[in-house]
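# no FASTA, just this:
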């Protein structure tokens, strides 16, 4: 779950301010706006008297017993009925907690508290807010141009649809140089640009008009125009809306992310359920992967895997870096390796078919199938049994 909500925090203590500020980098809330103010409940009453109430209020009080309810009554007079309120206090009393909940407070937390406690409280308060969007978002990002991220993403999307007989959608986000239509041997009539240009009334019915189906599988493709003169840029807001609709339409949404660094790229790879960093086994890819892993660490946390996949292994033979080189530098062991097999990939591209049909006996095909199993979250692959540490941090490590 990723929340995109306005949050107002009215706090008293430095420790609580630090806990709330830390949430700005958390995956749950990195798309939310968090405004922090000093002064507790009384400051919230004064501030909100002539302003719109945010969806969530986090307020802190040092008052006791009946005085707390007097302050909350004043807050209720300036709040919208739909606003959810998390109250932070220093009185450890189960009776008080029950009375506050009965009075309509969403949760009551006791100081001192850490950002993890506050995060879990917010998640509980908004549990089910995204219940209508259940699709699993899997983002593929190449660490250099030519790492092969696009073709791997396209093949994995197909294998997910075939293996589980469920709807999968491949989204080509490279507006200028996307290859999805070429790989799938399609001539798209409409593209992702058409979808992004109609975000004011974008829904599942409209999006269906932009998809092209691949073969007899349950794979749909939202292709890019692959044009240098499209005159449109992707924005975080437009992509967020697109993904919300897509997640209600398919079990798997595979994103082919271009090798650029824009605000929307930051958003999408931080927010994906699975992030696959495709690396050629060389120093440049290692450096770039390290930058991404370190940058995204606070945003993705331990529950949303970031995986490193080595591609084109063996192309440079003696010059290739090893799994251990990546593990030592990233504290993240590569999930699997895809061997260099230009003939197999070339054959698939030339006939407009996927690797599993064009080159079923290739070791690269076997690795792609194993990767699809891994990112599906449906089963463990044989490779996963051998390799550990897929999450960016080890279980129990500090976020």
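Ah, there it is. Because the structure is predicted, anything quoted here is derived from the model rather than measured.
# the host helix or strand of residue 311 packs against which elements?
Per DSSP states H and E: residue 311 is located in strand 306-313. Counting by 3 or more CB pairs under 8 Å, 6 or more residues apart in numbering; DSSP states H and E, the packing neighbours recorded for strand 306-313 are helix 149-164, strand 274-279, helix 283-300, helix 323-330, strand 336-339, helix 363-376. In this view, the C-beta of every residue, glycine as well, is placed from N, C-alpha and C.
# just how off-centre is it within its chain?
19 Å (CA atoms, centre = their mean, to the nearest Å).
# partners of it in the sheet?
For strand 306-313, the paired strands and their directions (DSSP bridges) are strand 274-279 (parallel), strand 336-339 (parallel).
# now do the helices in the stretch 101-250 of the chain.
Along the stretch 101-250 of the chain, counting by DSSP state H, counting those that start in this stretch, helices occupy 115-125, 149-164, 180-183, 192-196, 204-208, 236-247.
# can you list contacts of the last one?
What it means is helix 236-247. Outside helix 236-247, the residues that touch it by CB atoms under 8 Å, 6 or more residues apart in numbering are 4, 31, 130, 133-135, 137, 169, 171, 173, 192, 195-196, 199, 202-204, 207, 253, 263-264, 267-268.
# return the distance of it from the chain's centre.
Averaging C-alpha positions (CA atoms, centre = their mean) puts helix 236-247 12 Å from its chain's average.
# what sits up against the following helix or strand past it?
Toward the C-terminal end, the helix or strand that comes next after helix 236-247 (DSSP H and E) is strand 252-257. Outside strand 252-257, the residues that touch it by CB under 8 Å, 6+ apart are 135-141, 149-150, 153-154, 156-157, 160-161, 164, 166-174, 178, 180, 243, 246-247, 265, 268-269, 272, 376.
# can I get the buried part of the residues you listed as one PyMOL selection?
To isolate the buried ones among those in PyMOL, judged by 16 or more other CB atoms under 10 Å, type:
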select buried, resi 135+136+137+138+139+140+141+149+150+153+154+156+157+160+161+164+167+168+169+170+171+172+173+174+178+180+243+246+247+265+268+269+272+376
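# which SS state does residue 46 fall under?
Three-state assignment for residue 46 (DSSP: H, G, I helix; E, B strand; the rest coil): helix.
# which residue packs closest to it, ignoring adjacent ones?
Nearest non-adjacent residue to residue 46, counting by CB to CB, 6 or more residues apart in numbering: residue 39, 7.8 Å away.
# my read is that the one you found contacts residue 8, right?
No - taking contacts as CB atoms under 8 Å, residue 39 lies outside contact range of residue 8: 11.7 Å.
# cheers, nothing more for now.
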